[in-house]
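Participant: Give the three-dimensional model of this entry:
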Amino acid sequence: MKRRSFLAAAAMAPAAAEQTREQPDRDYWLTVLTRISSPVLTALSQRKLAATMPVEAPHGNVEDRKQYTYLEALGRTAAGIAPWLESGSGSPVARELDLRSRYAELARAAIAAAVDPASPDLMNFNRGPQPLVDAAFLALGIMRAPTELWQKLDPRTRGHLIEELRATRAIKPGFNNWLLFSATIEAFFAKIGEPWDAMRVDYAVRQHEQWYKGDGMYGDGPQFHWDYYNSFVIHPMLLAVLEATSKIEPAILARAQRYAAIEERLIAPDGSFPAIGRSLPYRCGAFHLLADMALRRQSPGVRAALTAVIRRTMEAPGTFDADGWLRVGLCGHQPSIAESYTSTGSLYLCSTALLPLGLPASDPFWSSPAQPWTSQRVWSGQDVIADHAL
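Facilitator: Just a heads-up that it's a prediction; the model follows:
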């Protein structure tokens, strides 16, 4: 079998972008990135997202979720692909530069369509509670790509975006991880030099300090929940908020490093991981933090582990529909695993597993030989250093 380049795969219809085990990891990750993001960014850049994106909501609340699902798709996609868009000329491979340039243009056009009052895809930023979540993911994505997704926006779009993000202040966050959504939006304002509400940031940071349970894990509010929200939201947004508004304290970074180490140990030899807790249809997005720490060069040698998780969750039959849109499930199409708040747009948080594409191809993350991850070594009988709590 001949090796297919990522450009050839990207040029195919997303649903037909069948992967091959012969691809180098970076090429494979790029085919996954384009397969996930292309339907969202292409349709939205053409101002046809609401007209073309199917809305799967297994709890029978399609009309309700239509109020939110489109901003979910944009915000979550942007949060995942932003570091790659921002990596600029870091790749010596001209064809990747061309691909990245094209996707950056699509992303900017998509943002413009989402905030333009005249757009048929103008999105809901302040009606109901859910927009706070995905406005925060969109803000996180822009903070991860300040040149491509902020400075290169036209002034009119920047003005509309600021107006829409300010509108989210009308939404009262829950007394849980949602405090970080408000804080992330304010951190975005701080980063771009707009007036920002330091109280919302301070409150979120202080409360999470109160909710720290030990060994790298925060409660989701006062109680600890055994799910992946420490990775979906808490650690990545806490780090981003502190970066934009002050400094990351050594203790907070150490906690993130520890939780990332735990995540690496949760990956089974076949790339599966414990199906625990809510929001499992976010698939490999459960490893948002491990990917973020790899991007920060704080979790070396995890490329093979993340690749295994991406393959296990994104290649199962039924993951995509015939037109390339994601379907609800963790391993294939599993609608019963959905929460009442889950719909098609929610699923695009899976893109956050791809954050290390923001590292250049020459970085050791990509250039070093693949390393077996902890469970592979343990369950093949290799000698492994003991694990210890933080």
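
Participant: And the strands in the stretch 101-250 of the chain?
Facilitator: Remark: strands assigned in the stretch 101-250 of the chain by DSSP state E, counting those that start in this stretch are 212-214, 217-218.

Participant: from the ones you listed, which stretch is densest packed?
Facilitator: Comparing those by mean neighbour count (mean count of other CB atoms under 10 Å), strand 217-218 comes out on top with a mean of 22. C-beta: built from backbone N, CA, C; applies to glycine.

Participant: what does the next helix or strand after it rub up against?
Facilitator: Sequence order places helix 229 as the next helix or strand after strand 217-218, per DSSP states H and E. Here helix 229 makes contact (CB atoms under 8 Å, 6 or more residues apart in numbering) with Asn177, Asp220, Gly277, Ser279.

Participant: Check those residues against Glu249 and report the nearest one.
Facilitator: Glu249 has its nearest neighbour among these in Asn177, at 19.0 Å by CB to CB.

Participant: Surely that closest one touches Asp220?
Facilitator: Yes. Look at Asn177 against Asp220 with CB atoms under 8 Å: they come within range, at 5.2 Å.

Participant: shared neighbours of those two, which are they?
Facilitator: Tyr229, Ile234.

Participant: Quick one: neighbours of the nearest residue in space to Ala43 that is not next to it in sequence, just the number.
Facilitator: Closest residue to Ala43 apart from its sequence neighbours, by CB to CB, 6 or more residues apart in numbering: Leu49 at 4.5 Å. The tally of other residues near Leu49 (other CB atoms under 10 Å) stands at 26.

Participant: From Lys66, how far off is Leu49?
Facilitator: 11 Å (CB to CB, to the nearest Å).

Participant: Thr52 now?
Facilitator: Applying CB to CB to Thr52 and Lys66 gives a distance of 13 Å.

Participant: Also Thr319?
Facilitator: For Thr319, the distance to Lys66 - CB to CB - is 22 Å.

Participant: Neighbour count for those two, which is higher?
Facilitator: Thr319 (23 against 17).

Participant: quick one, what contacts the more buried one?
Facilitator: Shown in contact with Thr319 (CB under 8 Å, 6+ apart): Arg283, Thr313, Leu326, Arg327, Gly329, Gly332, His333.

Participant: Cross-check the contact I'm expecting between the last one and Arg327.
Facilitator: Yes. Taking CB under 8 Å as the definition, His333 is a contact partner of Arg327 at 4.6 Å.

Participant: Overlap of the contact sets of the two?
Facilitator: In contact with both His333 and Arg327: Gly318, Thr319, using CB under 8 Å, 6+ apart.

Participant: Spit out the contact partners of Arg297.
Facilitator: Leu359, Asp363, Phe365.

Participant: and Phe175, how many neighbours?
Facilitator: 12.

Participant: One more: the one 5 residues further on?
Facilitator: When neighbours are counted by other CB under 10 Å, Leu180 registers 29.

Participant: Disregarding residues adjacent in the polypeptide, which is nearest to it?
Facilitator: In space, and not counting its chain neighbours, Leu180 is closest to Met237: 4.2 Å by CB to CB, 6+ apart.

Participant: mind checking how far the one you found is from Val133?
Facilitator: 11 Å.

Participant: Name the residues contacting each of the two.
Facilitator: Common neighbours of Met237 and Val133 (CB under 8 Å, 6+ apart) are Phe181.

Participant: follow-up on the earlier one: wait, isn't the residue nearest to Ala43 in contact with Leu122?
Facilitator: No. With contacts defined as CB under 8 Å, Leu49 does not count as touching Leu122, sitting 10.7 Å away.

Participant: Give the residues shared as contacts by those two.
Facilitator: Ala113.

Participant: thinking again about what came up before, would you turn the contacts of Thr319 into CSV with secondary structure, pLDDT and neighbour count?
Facilitator: Formatted as CSV, the contacts of Thr319 follow (DSSP: H, G, I helix; E, B strand; the rest coil; pLDDT from 0 to 100; neighbours: other CB atoms under 10 Å):
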residue, secondary structure, pLDDT, neighbour count
Arg283, helix, 98, 26
Thr313, helix, 98, 26
Leu326, strand, 98, 28
Arg327, coil, 98, 17
Gly329, coil, 98, 22
Gly332, coil, 98, 13
His333, coil, 98, 17
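
Participant: As TSV, the residues you listed with distance to Ile248 would be great.
Facilitator: Shown next, in TSV, are the contacts of Thr319 (distance: CB to CB, whole Å):
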residue	distance to Ile248
Arg283	28
Thr313	29
Leu326	32
Arg327	37
Gly329	35
Gly332	38
His333	39
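
Participant: Show me which positions of the helix or strand containing Ala50 end up buried.
Facilitator: Assigned by DSSP H and E, Ala50 belongs to helix 49-52. Of all the residues in helix 49-52, those buried under the rule 16 or more other CB atoms under 10 Å are Leu49, Ala50.

Participant: Good, wrapping up.
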